[in-house]
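> need a structure here:
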Amino acid sequence: MVIRLALSGLAAIFAIGAWLIAAPFVLRYQPAGAPWTGAARMDVAVGAILALAGFTGFFAALAGQVRGLYTEADRRTSGEAVVAAE
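Just a heads-up that it's a prediction; the model follows:
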């Protein structure tokens, strides 16, 4: 349950970062062909940092879960081998 909540939070961080990257263009406060405004630069920079952090954290947590599943499966199979050998 906790891992699902953590993964959801990391996915939300990624989504917020993606929105911040897209917002200057979607909301049209960065005119097409004009030099970038300070607000647009800041939104894209912060959005990129958040998106990267969310993406990295999501897959790191997911990899940790997969590692735990492999460890548990290995423990079960080695335990069965010992029982079968007795």
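
> which secondary element of the protein has the worst mean pLDDT?
The weakest-scoring helix or strand in the chain, judged by mean pLDDT, DSSP states H and E, is helix 38-85 (a mean of 87).

> just how off-centre is it within its chain?
9 Å (Cα atoms, centre = their mean, to the nearest Å).

> just checking, what packs against that helix?
Using 3 or more Cβ pairs under 8 Å, 6 or more residues apart in numbering; DSSP states H and E, the elements in contact with helix 38-85 are helix 2-26. In this view, the C-beta of every residue, glycine as well, is placed from N, C-alpha and C.

> Pull out the buried residues from stretch 11-30.
13-14, 17-18, 20-21, 23-24, 30 (16 or more other Cβ atoms under 10 Å).

> Need the residues you listed in TSV (columns: distance to W36).
Shown next, in TSV, are the buried residues of stretch 11-30 (distance: Cβ to Cβ, whole Å):
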residue	distance to W36
I13	24
F14	23
G17	18
A18	18
L20	14
I21	13
A23	13
P24	8
Q30	6
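
> farthest pair in those residues?
Greatest spacing in those, by Cβ to Cβ: I13 and Q30 (22.9 Å).

> How about F58, nearest residue that isn't a chain neighbour?
L10 (4.1 Å; Cβ to Cβ, 6 or more residues apart in numbering).

> hang on, isn't the one you found packed against A51?
No: in this structure L10 lies outside contact range of A51 using Cβ atoms under 8 Å: 10.9 Å.

> which residues sit against stretch 6-15?
Stretch 6-15 has contacts (Cβ atoms under 8 Å, 6 or more residues apart in numbering) with 50-51, 53-55, 57-58, 61-62.
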